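A.B. asks: please find the sequence and the predicted model below.
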Number of protein chains: 2
Amino acid sequence: MAHCVTLDLGNLSADAVGEHGLDAAALDGIRRRAAELRERLNAERDQGMHAYLRLPGSADVLEGVLRVAHPRLGHYCHLVLLGIGGSALGLRMLADALAPAAPGPVHLHVVDNTDPALFARVLARVDLRETLFVVVSKSGGTLEVVAALGFFAERLRREGLPLADHVVAVTDPERGPLRAFAREHDLDCAEIPPAVGGRFSVLSAAGLLPAALLHLDPAALLRGAERAVKLCTSGPAEEDWPALLGLSAVELCRRGKTGLVFMPYSSRLRGLAEWFVQLWDESLGKDGAGQTAIPAVGATDQHAQLQLILEGPNDKVIVMARVERHEPEYALGDFEWQDFGAAFIKGRKLGEVINAQQQGTANALTARARPNATLKLRGVDAETLGELILGLEVATTYAGWAFGVNAYDQPAVELGKRMTREMLGG
Amino acid sequence: MAHCVTLDLGNLSADAVGEHGLDAAALDGIRRRAAELRERLNAERDQGMHAYLRLPGSADVLEGVLRVAHPRLGHYCHLVLLGIGGSALGLRMLADALAPAAPGPVHLHVVDNTDPALFARVLARVDLRETLFVVVSKSGGTLEVVAALGFFAERLRREGLPLADHVVAVTDPERGPLRAFAREHDLDCAEIPPAVGGRFSVLSAAGLLPAALLHLDPAALLRGAERAVKLCTSGPAEEDWPALLGLSAVELCRRGKTGLVFMPYSSRLRGLAEWFVQLWDESLGKDGAGQTAIPAVGATDQHAQLQLILEGPNDKVIVMARVERHEPEYALGDFEWQDFGAAFIKGRKLGEVINAQQQGTANALTARARPNATLKLRGVDAETLGELILGLEVATTYAGWAFGVNAYDQPAVELGKRMTREMLGG
């Protein structure tokens, strides 16, 4: 089975970066631990844990999504997503990466904040008659999402537009106030399986329903993800990059690399970096443990963050991603290149240039003893992205084990919520 | 003089957060040091250093911008910015914050990468006949910008569109290949003063020319910035928040707060957070010193990063910003709020909700002994933003002094560039 994603971990080793890297004994330990934890992953999965692993293989997920999406395609030109955290970052990632270069038939607007300026923007840009709202909240009671739903529901009612024609919900299959509201108002619904947490939910209807409504390809995403599930549960140990990445990152964190820069060399993967930040931070940051994920985009952020990364404190591991096949691709044609001291890029393809920049940065990082790794992606397509997403989720599960924390809860988020309620007298 | 920006530093103190904060002796030391360094700032400014401080008071800046922008307003509906790092992040910040809710007459596209997908996006969305390219590069030889210029210049020539009608440049007043190219092709030009570095250049033509072409208000930005210059050079010491912020952040960094989360509670200030990351990281990250800036947006990232910030390693200082007057503003009207357990938000304004979230987060951070500070902004308007930008630049100057580094160079960026050239055989 040819994979769309591989990981080059060579520059994490002491051979490459000296005392800042992992020596042979540490690497051996990680490989042994990965093999043991593979057993644990499989055993616990069979007991119903790590529920996100079951999303790709479940026919229900795709059916549930297509059942709601299919009759609506072609009927709306604006999709307004009401969601926050895992209910927004996943879709943003998919849309950033997979939307075609030309504007598609459906315009996406994301309401992921209680900022009135964001509401003003949506009101100024959509015609409610041609708009579908997709409300995503697993608990069904997320304050920001409820505020947005109440606000836009009132607008729809005021214009005499039936809620059931303009709102669909993605939430728990049975419980919570959004499910009850949907029942009462006869809203069409898709579900987030109860055992799948928000930040692991992008490959459920939470991400895939709005993706399908944007004419993206949920089946291909799931196909890629299923391949990653196979790799992580029964593939060759030496190819199991999610396990190796998760364990290596935590081992390096223990040795002082308290930050993890996630830096895909692709403007379309900015949303991936932001999605990863939530996945990594919220899963691992508890009980005093955790590693701070820092989003970056190459080559762009070579002109923003690279100075610090190369010459500031040596307290980070850098995970880059490079795209092996760029599509579309353009060659640089005739121009006065020599006048700019850039004769060497004449006739080069842009994809070659950005990949050379990635390789150049990997070399510079290594020369400065900054441990770094490179994910190699076949392309920026739905299947590759699905494989990558699932793999990064598995890496997070392994990292949670290595830190000894529960990767699936987020107790502190409740504290902020409670304090907000107190401020508002709620 | 009423300021648009103030800073509440109370929660950085040991009184608020115990041993994780600054005790009375440390705070005294910072105040004393701020007063001494004020003298240094004024003396060095008189010698021509810290050139960004002279941008707001210089009539040349605004004149240079308006001279180029004015005759072009109304003649283009697409503005394509070719720039990277400081030549793109500043304009993005201004456009994010100040663009009106409804789409304006000019659409902005930013080419800040060598990713062919980004080029495809621009080609699919603009009509070259109605497009103005603004090429921004201080040195005039930035590889990414030269590649983009060469690419689009060839397209313009192929369509028989004169470069001088469709391209303007912002670069050094005399030197560099972009200046020479502009002369040769009779391109209109605005300038970045030689002594102003890229990440301090947003209030020069680098940011203000494209801002003016987007119908934003450069004069108001400069007015706000001039107010901050006055504050920092001759205002009351106790109100000099840039000095206090810069010195406090570095003192906390010395005590283990190696990260600085910059978290405005406003979706329109996402670009501000990203601009700040470059300013802070690239100015301070050298000689092993530096503090890692981490971008966040409230309330959105309460559902992504707050878990780590509250319960992960206590290794960050959090700088929030809150908007005192939201405009436009909306009240939450009739809805089944009680069914969602949210009766307490009925009748509330959205701006009240987001500000309560900010205050709730400040309280939660303090309760968990995480040092935090809050910038209070009059609104999200050009004058406030100008004052804030200049103030954060001055804070960076102070932080550079406190770290003992040169805040205005970026030696390591050259290493990545050289390695890229080597990869491409250049």
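C.D. replies: Right, received. Where do you want to start?

A.B. asks: assign residue A:376 to helix, strand or coil.
C.D. replies: The three-state label given to residue A:376 by DSSP: H, G, I helix; E, B strand; the rest coil is strand.

A.B. asks: wait, isn't it in contact with residue A:7?
C.D. replies: Yes: Residue A:376 lies in contact with residue A:7 (C-beta atoms under 8 Å); the separation is 7.3 Å. In short, each C-beta sits where N, CA and C put it, glycine included.

A.B. asks: tell me which of those two has more neighbours.
C.D. replies: More crowded of residue A:376 and residue A:7, by other C-beta atoms under 10 Å in any protein chain shown: residue A:7, with 21 against 17.

A.B. asks: buried sites along whichever helix or strand residue A:122 is part of?
C.D. replies: Element membership for residue A:122, per DSSP states H and E: helix A:116-125. Buried residues in helix A:116-125, defined by neighbour count with 16 or more other C-beta atoms under 10 Å in any protein chain shown: A:116-123.

A.B. asks: show me which of the residues you listed is closest to residue A:372.
C.D. replies: Distance to residue A:372, by C-beta to C-beta, is smallest for residue A:118 among those, at 36.1 Å.

A.B. asks: quick one, what contacts the closest one?
C.D. replies: Shown in contact with residue A:118 (C-beta atoms under 8 Å, 6 or more residues apart in numbering or on different chains): A:111-112, B:267.

A.B. asks: residue ranges with poor pLDDT in the stretch 1-150 of chain A?
C.D. replies: Low-confidence segments of the stretch 1-150 of chain A (pLDDT under 70): A:1.

A.B. asks: around chain B, which positions in it sit nearby?
C.D. replies: The stretch 1-150 of chain A has residues A:84-86, A:88-89, A:100-103, A:112-121, A:123-125, A:140-144, A:146-147, A:149-150 near chain B, with proximity defined as C-beta under 8 Å from any C-beta of the partner chain.

A.B. asks: buried ones among those residues?
C.D. replies: Applying 16+ other C-beta under 10 Å to the residues of the stretch 1-150 of chain A next to chain B, the neighbour count classes A:84-86, A:88-89, A:101, A:112-121, A:123, A:140-144, A:146-147, A:149-150 as buried.

A.B. asks: please, which helix or strand holds the most centrally placed residue in chain A?
C.D. replies: Against the mean C-alpha coordinate of chain A, by C-alpha atoms, centre = their mean, the closest residue is residue A:275 at 3.4 Å. Using DSSP H and E, residue A:275 falls within helix A:270-284.

A.B. asks: how about residue A:260?
C.D. replies: Residue A:260 belongs to strand A:259-264 when assigned by DSSP H and E.

A.B. asks: quick one, that strand and strand B:259-264 angle?
C.D. replies: Put simply, strand A:259-264 runs at 60 degrees to strand B:259-264, going by axes from the mean of the first three to the mean of the last three C-alpha atoms, to 10 degrees.

A.B. asks: the stretch 201-350 of chain A: helices as residue ranges?
C.D. replies: For the stretch 201-350 of chain A, applying DSSP state H, counting those that start in this stretch gives helices covering A:205-213, A:218-234, A:241-254, A:270-284, A:306-311, A:350-367.

A.B. asks: would you mark the buried spots in stretch A:148-160?
C.D. replies: For stretch A:148-160, burial by neighbour count (16+ other C-beta under 10 Å) applies to A:148-153, A:155-156.

A.B. asks: go ahead and confirm residue A:378 touches residue A:5.
C.D. replies: Yes: counting by C-beta under 8 Å, residue A:5 is a contact partner of residue A:378 at 7.4 Å.

A.B. asks: the more surrounded of these two?
C.D. replies: More crowded of residue A:378 and residue A:5, by other C-beta under 10 Å: residue A:5, with 25 against 18.

A.B. asks: who are the contact partners of that one?
C.D. replies: A:228, A:241, A:375-378, A:384, A:387-388, A:391.

A.B. asks: what does residue A:281 give?
C.D. replies: Taking C-beta under 8 Å, 6+ apart, one finds A:290, A:292-293, B:304-305, B:307-308, B:312 in contact with residue A:281.

A.B. asks: can you lay out those as JSON lines showing pLDDT, distance to residue A:134 and neighbour count?
C.D. replies: As requested, those are exported to JSON lines (pLDDT from 0 to 100; distance: C-beta to C-beta, whole Å; neighbours: other C-beta atoms under 10 Å in any protein chain shown):
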{"residue": "A:290", "pLDDT": "98", "distance to residue A:134": "31", "neighbour count": "26"}
{"residue": "A:292", "pLDDT": "98", "distance to residue A:134": "31", "neighbour count": "28"}
{"residue": "A:293", "pLDDT": "98", "distance to residue A:134": "27", "neighbour count": "26"}
{"residue": "B:304", "pLDDT": "95", "distance to residue A:134": "19", "neighbour count": "29"}
{"residue": "B:305", "pLDDT": "97", "distance to residue A:134": "24", "neighbour count": "29"}
{"residue": "B:307", "pLDDT": "97", "distance to residue A:134": "25", "neighbour count": "28"}
{"residue": "B:308", "pLDDT": "98", "distance to residue A:134": "28", "neighbour count": "28"}
{"residue": "B:312", "pLDDT": "98", "distance to residue A:134": "32", "neighbour count": "26"}
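
A.B. asks: distance to residue B:198 added to these, as CSV?
C.D. replies: Formatted as CSV, those follow (distance: C-beta to C-beta, whole Å):
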residue, distance to residue B:198
A:290, 33
A:292, 26
A:293, 26
B:304, 29
B:305, 28
B:307, 35
B:308, 31
B:312, 33
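
A.B. asks: now, among the residues you listed, which is nearest to residue B:15?
C.D. replies: Nearest to residue B:15 among the contacts of residue A:281, counting by C-beta to C-beta, is residue B:312 at 23.8 Å.

A.B. asks: now do whichever strand or helix holds residue A:35 and helix A:241-254, the angle between them.
C.D. replies: Taking DSSP H and E as the definition, residue A:35 sits inside helix A:24-46. If you take the same axes, to 10 degrees, helix A:24-46 sits at 130 degrees to helix A:241-254.

A.B. asks: mutual contacts of residue A:378 and residue A:5, please.
C.D. replies: With C-beta under 8 Å, 6+ apart as the test, residue A:378 and residue A:5 both reach residue A:384.
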